[in-house]
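> Show me how the following folds:
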Amino acid sequence: MSTTVVGGSFAILSSKVNRFNTSLGGHMSINFTRRRPNLDGGRVSNKVPARFMGDDRSFTPPLRTPPKRLYNFSTMPLSLSPLIRFGTSTWTYEGWQGQVYQRQYAKSTFARECLGEYCQYQYQGEPLFRTVGNDATFYRPPTANQLRRYLNQIPEDFQMCFKVWEEITIPSYAKQPRYGTRAGQPNPRFLDAKLFNDLVLTPYREAKFEPNTGPFLFEFQRHGMSVDEFCSRLDKFFLQLPREFLYAVEIRNPTLLDFSYLQILARHGVAHVYNHWSHMPPLAEQHTRIRGFTSVFTVLRLLTPLKMSYEAAKKRAEPYTKIVEELPQMRRETVQLVRHAVSEGRHAYVLVNNRAEGNAPLTVEGLVEMLGS
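Numbers count the residues shown, from 1 in each chain. Modelled structure (predicted):
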């Protein structure tokens, strides 16, 4: 088999030879066994390489065959591409009353009942949001009944991106009162694949939520692990996960953006989350450092201005009713990455937080305008 790098991502050219060079270096051999979902036309698995062995490295490239291009992207406005899903980090902001939400809700029922109206919000005559983030699942997994309530409010083709429970993603508990006696202690359940399978994934299957499940977002806060230790733990973890779901990793340590990190994500068809966040490099620099997309989909999360703490960003943005300051570089690089992904037939999920510019729906509208221009 031979392989090449096109536009920062891998493409398979032949299945006859099993040793080759890539622009990242090394001679490698390939064995087709593992399977990943195909995002085009439903969740149908397609064969992808299991592992590459060569030199002193083990590596699997990303999902090597992007979905078929069923749409004429040269004539379709890019903002209308079915490969692009815009949404916000969550949907339960009372500051959007009169903007996204026109109905009157009781304060006690707003969070439980407003998702349906969120999905109906239109911009330029089309539904603006085709996905949304769910931050609440960082603190506890959803129950099957919660997921069924979501199903009763969302359109058939809507997908929700869930943060993964922190019991899976924090290596040690912060010194915060909510952790009680565990504060400051190592987390014995960090990257516990059995826990993830049993307690996180089970409700989605029970509620039959799979078709509406977007990528699971593994948010790793800043930690003191080395690149090698972190990547080794990730590798063992993703080897044990079922293949019918989509997974994406968000890191907060810029030093992890290196070849080892690329290897692990690509080997398992896991996406890197391009996060516009306080202490991370700009989106374009992240893409340069990881050398391309690592799956048939990508995720962007626009969270805060760069070099600004969460607390300062929150204070600056509240009460989330208007744009307090546009971030031109963030918008420009988001559009560039989305264009790049779509040009290769990849799906793009873009989730915007109020704390980036002050009002996430208006930021999304601005991005849609830029994509359509």
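
> now the helices for the stretch 101-250 of the chain?
110-113, 115-120, 144-151, 166-169, 193-195, 202-206, 227-239 (DSSP state H, counting those that start in this stretch).

> Pick the most deeply packed of the ones you listed.
helix 166-169 (a mean of 21; mean count of other Cβ atoms under 10 Å). For every residue, glycine as well, the C-beta is placed using N, CA and C.

> CA-only coordinates of that helix, as CSV, when you get a sec.
Extracted as CSV, the C-alpha positions of helix 166-169 are listed here (Å, rounded to 0.1, in the frame of the first residue of the first chain):
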residue,chain,number,x,y,z
GLU,A,166,-15.2,14.0,34.6
GLU,A,167,-14.7,10.8,36.5
ILE,A,168,-13.3,9.5,33.2
THR,A,169,-11.2,12.6,32.3
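
> any residues touching it, and which ones?
By Cβ atoms under 8 Å, 6 or more residues apart in numbering, the surrounding residues in contact with helix 166-169 are 138-139, 187, 189-192, 195-196, 200, 218-221.

> May I have the beta-bridge partners of residue 159?
residue 131 (DSSP bridges).

> pull the helix or strand with minimum mean pLDDT from this structure.
Sorting the helices and strands of the chain by mean pLDDT, DSSP states H and E puts strand 20-21 at the bottom, at a mean of 28.

> As TSV, the contacts of helix 166-169 with pLDDT and distance to residue 238 would be great.
Listed next are the contacts of helix 166-169 as TSV, based on pLDDT from 0 to 100; distance: Cβ to Cβ, whole Å:
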residue	pLDDT	distance to residue 238
138	97	19
139	96	23
187	91	18
189	95	16
190	96	14
191	97	9
192	98	13
195	97	14
196	98	10
200	97	14
218	98	9
219	97	15
220	96	13
221	87	19
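
> from these, which is closest to residue 230?
residue 220 (7.8 Å; Cβ to Cβ).

> Distance check, the closest one against residue 152.
Separation of residue 220 from residue 152 (Cβ to Cβ, to the nearest Å): 33 Å.

> Kindly report the same for residue 118.
For residue 118, the distance to residue 152 - Cβ to Cβ - is 14 Å.

> same question, residue 197
Taken as Cβ to Cβ, the span from residue 197 to residue 152 is 26 Å.

> The helices of the stretch 101-250 of the chain into TSV, with extra columns for distance to residue 178?
TSV is the format used below for these (distance: least, Cβ to Cβ, whole Å):
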stretch	distance to residue 178
helix 110-113	20
helix 115-120	26
helix 144-151	21
helix 166-169	11
helix 193-195	19
helix 202-206	23
helix 227-239	24
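
> Of all the ones you listed, which one is nearest residue 334?
helix 115-120 (20.9 Å).

> any low-confidence regions in the stretch 101-250 of the chain?
Applying pLDDT under 70 to the stretch 101-250 of the chain flags no residue at all.

> in stretch 304-313, what counts as buried?
Using 16 or more other Cβ atoms under 10 Å as the test for burial, stretch 304-313 gives 304-306, 308, 313.

> pretty sure residue 191 contacts residue 237?
Yes: between residue 191 and residue 237 there is a contact at 4.3 Å, judged by Cβ atoms under 8 Å.

> between the contacts of helix 166-169, which has the most around it?
residue 196 (25 neighbours; other Cβ atoms under 10 Å).

> where's the residue sitting nearest the centre point of the chain relative to residue 249, distance?
In the chain, the C-alpha closest to the average C-alpha coordinate belongs to residue 299, at a distance of 3.6 Å (Cα atoms, centre = their mean). In this view, residue 299 and residue 249 are 9 Å apart by Cβ to Cβ.

> Mutual contacts of those two, please.
By Cβ under 8 Å, 6+ apart, the residues touching both residue 299 and residue 249 are 271-273.

> From the residues you listed, which land in helices?
Using DSSP state H, the subset of those located in helices is empty.

> out of those residues, who's nearest residue 170?
Distances from residue 170 to the shared contacts of residue 299 and residue 249, taken by Cβ to Cβ, are shortest for residue 273, at 16.5 Å.

> This completes my enquiry, with thanks.
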